[in-house]
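Student: Structure for the following, please:
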Amino acid sequence: MTTATPPATTDAARWSPRLWGTLVVLCAALFLDALDVSMVGVALPSIRTDLHLSTASLQWVVSGYVLGYGGLLLLGGRAADLLGRRRVFLTALAVFAVASLLGGLVDDGGLLIATRFVKGVAAAFTAPAGLSIITTTFPEGHERNRALSIYTTCGASGFSLGLVLSGLLTEVGWRWTFLMPFPLALAALAVGSRLIPRQARPERDGRGYDLAGAVTATGGLLLLVYTVTQAQGAGWGSTRTVLSLVLVAALFAAFVAIEQRTAHPLVRLGILRNGLVARANLGALACFGAYVGFQFVATLYLQSLLGWSALQMALAFLPAGVLVAASATKMGTLVDRYGTTRLMLVGFPAALLGYANFLRIGAHGDYLTVILPSMVLLGVHFALVFPSLNIQATSGVADEEQGLASGLVNTAFQVGGATVLAVVTAVVTAGATSGGAGAGAHAQLGGYRNALAVVTGVALIGLLVTATGALLDRRRAARIGYPVPDYAVPAGAAPTGVPSAGDLSDQVTAPERR
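Tutor: Residues are numbered from 1 along each chain as shown. Predicted structure coming up:
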């Protein structure tokens, strides 16, 4: 076996200060997006008390953001391709900043939910635009792997550390969890407007906006997220839920039919013939879906059953966040050496062990043997898997479709999170009520363990997708006579026809793009 060392000319240490500054701005925006997803959870009890919200209204403080974010990501990614990535990114970041300020100042629950929805919509445009700026600025190979590793671990850190910050800020006042992103977003906007390179307006080349595809895709995603978030209250078997799911299926079927027939599709379905892209999106569903479900169960267990404070619970999650943050500058080297698939074949088993270990929870919290090991394993999982999924999702994709690829994988993350969270919530509720009114802590534990079993199963699906893809790559490589790469070959170092992202996949060449 031979190994390859990235050329010195591609070392990230040689990036110009302007290039580093651009990357920092993009990382800051993704950090804020992720932070906003996780920070609000710990503050919900204080918000309910202060604004006198019902439980049904309170869940919309979370669901409003998810609805805007998950429902409009595809449109956000395509807008970045057609309108210009810099323009879309900066405009959406400005909207995010204003909505953050308003969210911390309003005294009405309805207005708070509205600002959350607007922030979700803004994030749906900043996330794919920012990711596609990176993938079109850094050439595929060592430089892009390093940049994406730093970028994506910043996002994972924001999600992990959001709980810690929320615990600290909620002790001062819940409004600070909404106000804190405002100055950070404003600073990123000011610096980004100076550093992010200006681009000429993209050539349309006769490309249309595919309004019919945009309406059906966005409508289907919005309705899917809405249905999933409301299914627990309405009932999964209720007429409303069933009819909504039927309408979702009809909208997606119409979308596929439109995309197959239109000359300028919103989503070119052929992009999913790229094996890396397809597997990355399935992996994103499993990775984020499992973690969001786990975070929900762990929060209920630590706060509701064990009686921990918001700050104590946040500190329990701290080891995972620290591991993810510490890996930011190291992941590019690991991807270059081992490839994304190998890292995920380590990362997903780490998640399985972490979730399975948490199944041992009892009526009295065992931090040293149950909680801490699980958090460390989940930190390893996120550090290895989250950057790898984003790198895979944009591999072998033409520059003019990087926004589309970025929108697809971000949509997969959000839809996975919303769907698994709804299922886990239903399982927790069913378990808690099955023992009768007097079952108490025992019934709660039963519900939590059942939900954790679901979470573990979702993580297992992610591992199976990755392992199956690795096996198919090996067989395909043997069939065409090339060895399976053991590391990510730096850009330009691979022979013609050999993938350079550490995995052998169905790369879609220009003549095959339709």
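Student: for Leu185, what are its contacts?
Tutor: Quick fix: residue 185 reads Ala, not Leu. Under the criterion of CB atoms under 8 Å, 6 or more residues apart in numbering, the contact partners of Ala185 comprise 29, 32, 93, 96-97, 100. Using the backbone N, CA and C atoms, a C-beta is placed for each residue, glycine as well.
Student: and the residues you listed as CSV, adding distance to Gly396 and neighbour count?
Tutor: Below are these laid out as CSV (distance: CB to CB, whole Å; neighbours: other CB atoms under 10 Å):
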residue, distance to Gly396, neighbour count
Ala29, 25, 30
Leu32, 30, 27
Leu93, 29, 26
Phe96, 31, 27
Ala97, 35, 22
Ser100, 36, 26
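Student: Show me which pair in these is furthest apart.
Tutor: Set against one another by CB to CB, those have their most distant pair in Ala29 and Ser100, with a gap of 12.2 Å.
Student: Is the nearest residue to Gly77 once chain neighbours are set aside in a helix, a strand, or coil?
Tutor: Distance criterion CB to CB, 6 or more residues apart in numbering; nearest residue to Gly77, sequence neighbours excluded, is Gly407 at 2.1 Å. When the structure is reduced to helix, strand and coil (DSSP: H, G, I helix; E, B strand; the rest coil), Gly407 reads as helix.
Student: For Gly407, grab the count of nearby residues.
Tutor: Counted with other CB atoms under 10 Å, residues neighbouring Gly407 total 31.
Student: could you measure Asn450 against Val428, distance?
Tutor: Applying CB to CB, to the nearest Å, one obtains 8 Å for the distance of Asn450 from Val428.
Student: next one: Leu318
Tutor: Leu318 is 24 Å from Val428, by CB to CB.
Student: cool, Leu378 as well?
Tutor: Taking CB to CB as the measure, Leu378 falls 19 Å from Val428.
Student: again with Gly110
Tutor: Distance check for Gly110 against Val428: by CB to CB, it reads 27 Å.
Student: And the two? Which one has more around it.
Tutor: Shown here are Gly110 and Val428; by other CB under 10 Å, Val428 has more neighbours (25 against 11).
Student: Please name the residues that touch that one.
Tutor: 296-297, 300, 447-448, 450-451.
Student: will you turn the residues you listed into a markdown table that also has pLDDT?
Tutor: Listed next are the contacts of Val428 as a markdown table, based on pLDDT from 0 to 100:
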| residue | pLDDT |
| --- | --- |
| Phe296 | 82 |
| Val297 | 88 |
| Leu300 | 82 |
| Gly447 | 86 |
| Tyr448 | 90 |
| Asn450 | 92 |
| Ala451 | 91 |
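Student: can you tell me which of the residues you listed are in helices?
Tutor: Those of those mapping onto helices are 296-297, 447-448, 450-451, per DSSP state H.
Student: Could you find which two of those are furthest from each other?
Tutor: Within the ones in helices among the contacts of Val428, Phe296 and Asn450 form the most distant pair, 13.2 Å apart (CB to CB).
Student: show me the contacts for the residue nearest the centre of the chain.
Tutor: Geometric centre of the chain, nearest residue: Phe413, 3.9 Å, by CA atoms, centre = their mean. Contact analysis of Phe413 by CB under 8 Å, 6+ apart lists 284-285, 287-288.
Student: With just CA atoms, put stretch 186-200 into PDB.
Tutor: Extracted as PDB, the C-alpha positions of stretch 186-200 are listed here (Å, rounded to 0.1, in the frame of the first residue of the first chain):
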ATOM      1  CA  LEU A 186     -24.200  41.800  12.800                       C
ATOM      2  CA  ALA A 187     -20.400  41.400  13.100                       C
ATOM      3  CA  ALA A 188     -20.300  38.500  10.700                       C
ATOM      4  CA  LEU A 189     -22.400  40.600   8.200                       C
ATOM      5  CA  ALA A 190     -20.000  43.600   8.500                       C
ATOM      6  CA  VAL A 191     -16.900  41.500   8.000                       C
ATOM      7  CA  GLY A 192     -18.400  39.300   5.400                       C
ATOM      8  CA  SER A 193     -19.500  42.200   3.200                       C
ATOM      9  CA  ARG A 194     -15.800  43.200   3.000                       C
ATOM     10  CA  LEU A 195     -14.200  39.800   2.700                       C
ATOM     11  CA  ILE A 196     -16.400  37.500   0.700                       C
ATOM     12  CA  PRO A 197     -15.400  38.000  -2.900                       C
ATOM     13  CA  ARG A 198     -17.800  39.700  -5.100                       C
ATOM     14  CA  GLN A 199     -19.200  37.600  -7.900                       C
ATOM     15  CA  ALA A 200     -20.600  38.500 -11.300                       C
END
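Student: hmm, who's touching it?
Tutor: With CB under 8 Å, 6+ apart as the test, stretch 186-200 has contacts from 18, 21-22, 24-26, 28-29, 32, 84-87, 89-90, 93-94, 97, 133, 137.
Student: List buried residues within the residues you listed.
Tutor: Neighbour counting with 16 or more other CB atoms under 10 Å marks 21-22, 24-26, 28-29, 32, 84-87, 89-90, 93-94, 97, 133, 137 as buried within the contacts of stretch 186-200.
Student: The residues you listed in helices, which ones?
Tutor: When those are checked against helices (DSSP H), the matches are 21-22, 24-26, 28-29, 32, 85-87, 89-90, 93-94, 97, 133, 137.
Student: could you pull out the helices for the stretch 251-400 of the chain?
Tutor: Here the stretch 251-400 of the chain has its helices, by DSSP state H, counting those that start in this stretch, at 275-299, 310-316, 318-326, 331-338, 340-358, 372-393.
Student: could you dump the ones you listed to JSON lines with mean neighbour count and distance to Gly220?
Tutor: Formatted as JSON lines, the entries for those read as follows, by neighbours: other CB atoms under 10 Å; distance: least, CB to CB, whole Å:
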{"stretch": "helix 275-299", "mean neighbour count": "26", "distance to Gly220": "16"}
{"stretch": "helix 310-316", "mean neighbour count": "20", "distance to Gly220": "36"}
{"stretch": "helix 318-326", "mean neighbour count": "21", "distance to Gly220": "32"}
{"stretch": "helix 331-338", "mean neighbour count": "22", "distance to Gly220": "34"}
{"stretch": "helix 340-358", "mean neighbour count": "23", "distance to Gly220": "29"}
{"stretch": "helix 372-393", "mean neighbour count": "27", "distance to Gly220": "20"}
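Student: For Thr262, find the nearest of those.
Tutor: Among the helices of the stretch 251-400 of the chain, helix 275-299 comes nearest to Thr262, with 20.6 Å by CB to CB.
Student: quick one: the closest one to helix 340-358, angle?
Tutor: Taking axes from the mean of the first three to the mean of the last three CA atoms, to 10 degrees, helix 275-299 and helix 340-358 form an angle of 20 degrees between their directions.
Student: contacting residues for Leu460?
Tutor: For Leu460, the contacting residues are Leu352, by CB under 8 Å, 6+ apart.
Student: State the distance from it to Gly289.
Tutor: In this view, Leu460 and Gly289 are 12 Å apart by CB to CB.
Student: where does this protein have low pLDDT?
Tutor: For the chain, the stretches flagged by pLDDT under 70 are 1-13, 55-56, 59, 160, 200-209, 229, 232, 431-439, 477, 480-514.
Student: Show residues contacting stretch 354-368.
Tutor: Counting by CB under 8 Å, 6+ apart, residues outside stretch 354-368 touching it are 290, 294, 298, 301-302, 305-306, 308, 316, 369-371, 373-378, 381, 441-442, 445, 448-449, 452-453, 455-456, 459.
Student: how about 7 Å then?
Tutor: Stretch 354-368 is touched from outside by 290, 294, 301, 306, 370-371, 373-374, 377-378, 381, 441, 445, 448-449, 452-453, 455-456, 459, with contacts defined as CB atoms under 7 Å, 6 or more residues apart in numbering.
Student: for stretch 250-268, same thing?
Tutor: Contacts to stretch 250-268, defined as CB under 7 Å, 6+ apart, come from residues 74, 78, 207-208, 210, 212-214, 216-217, 219-220, 223, 269, 401, 404, 513.
Student: Show the buried residues in those residues.
Tutor: Members of the contacts of stretch 250-268 classed as buried by 16+ other CB under 10 Å are 74, 78, 210, 212-214, 216-217, 219-220, 223, 401, 404.
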